[in-house]
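1. Got a sequence here, can you model it:
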Amino acid sequence: MFKKILLATHNLNKVTELKAMLSPYNIEVLSAADLDLPDVEETGTTFAENASLKAEILSKITSLPCLADDSGLCVDALNGRPGVYSARYAPNRNFDIAMENLLKEISDSGSSNRKAHFSCVLAFKVPQQSVRIFEGRVNGKISFEKKGTSGFGFDPIFIPEGYNQTFAEMSAEQKASLSHRGLALQKFISEVFKTV
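-> Numbers count the residues shown, from 1 in each chain. Here you go, the predicted structure:
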């Protein structure tokens, strides 16, 4: 069993979300920000490539088991955009601007299709072992306006399938049970922390 895991992110929202989900396992969870580690440039063209890149580089630097994620919103009417470029869609991480731009793009596309999905790929790298990949996906649709104040990123405009609320209108616990990151993390936990 691991005593420490490094999360390959400087995003405090992701750190908070992942720490909460890992809290039952009595592991010290550190972030890239905690150790003043550099941002790893995401040069991959898929979520798996970017997550693997981050996990491998930061595990090598620190010699710690490293969990990295790459995730994004894929909108049908925009041919899957923003996808792997979701974070870069937000200038200076300003997702209010990103959401306004996205809603305008969908409107300008002339499409009535509001289907979308969130994807998350977690890559887990233990020194001297190969990277393991865990994927989560949640289908849903884009709302016509921002709703809710919880969550982060595109949460205020994403309504998961079977619900009338956006992720930003849900409690952290409810979102974690449904979200792409929550689903990927559940797969990670069941494999990595399963009893032998």
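
2. spatially speaking, which residue is in the middle of the protein?
-> Centroid-nearest residue in the chain: Ser71, 4.0 Å away (criterion: CA atoms, centre = their mean).

3. Quickly find the element holding Gly72.
-> Assigned by DSSP states H and E, Gly72 falls within strand 66-75.

4. I'd like to know which elements that strand is packed against.
-> Helices and strands touching strand 66-75, by 3 or more CB pairs under 8 Å, 6 or more residues apart in numbering; DSSP states H and E, are strand 4-7, helix 12-22, helix 47-62, helix 95-109, strand 115-125, helix 180-192. Just so you know, the C-beta spots here come from the backbone N, C-alpha and C atoms, and that holds for glycine as well.

5. With only the CA atoms kept, save the last one in CSV.
-> So the one you mean is helix 180-192. What follows is helix 180-192, C-alpha atoms only, in CSV (Å, rounded to 0.1, in the frame of the first residue of the first chain):
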residue,chain,number,x,y,z
HIS,A,180,-16.4,11.6,-15.1
ARG,A,181,-13.6,12.2,-12.6
GLY,A,182,-15.6,10.3,-9.9
LEU,A,183,-16.2,7.3,-12.2
ALA,A,184,-12.5,7.2,-13.3
LEU,A,185,-11.4,7.5,-9.7
GLN,A,186,-13.7,4.7,-8.6
LYS,A,187,-12.1,2.4,-11.2
PHE,A,188,-8.6,3.5,-9.9
ILE,A,189,-9.6,2.8,-6.3
SER,A,190,-11.1,-0.6,-7.0
GLU,A,191,-8.0,-1.7,-8.9
VAL,A,192,-5.2,-0.1,-6.8
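
6. Any regions of the chain where pLDDT drops low?
-> Residue ranges of the chain with pLDDT under 70: 1, 194-196.

7. now with 80?
-> Residues of the chain that meet the criterion pLDDT under 80 lie in 1-2, 17, 193-196.

8. still on that earlier bit, dump the helices and strands packed on strand 66-75 to a markdown table, plus mean neighbour count and distance to Phe154.
-> A markdown table is the format used below for these (neighbours: other CB atoms under 10 Å; distance: least, CB to CB, whole Å):
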| stretch | mean neighbour count | distance to Phe154 |
| --- | --- | --- |
| strand 4-7 | 20 | 20 |
| helix 12-22 | 17 | 12 |
| helix 47-62 | 21 | 15 |
| helix 95-109 | 15 | 6 |
| strand 115-125 | 23 | 8 |
| helix 180-192 | 19 | 11 |
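
9. mind giving me TSV with the ones you listed and columns for distance to Asp34?
-> Listed next are the helices and strands packed on strand 66-75 as TSV, based on distance: least, CB to CB, whole Å:
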stretch	distance to Asp34
strand 4-7	8
helix 12-22	8
helix 47-62	11
helix 95-109	23
strand 115-125	18
helix 180-192	19
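
10. and Leu78, which of these is closest to it?
-> Nearest to Leu78, of all the helices and strands packed on strand 66-75, is helix 95-109, at 5.9 Å by CB to CB.
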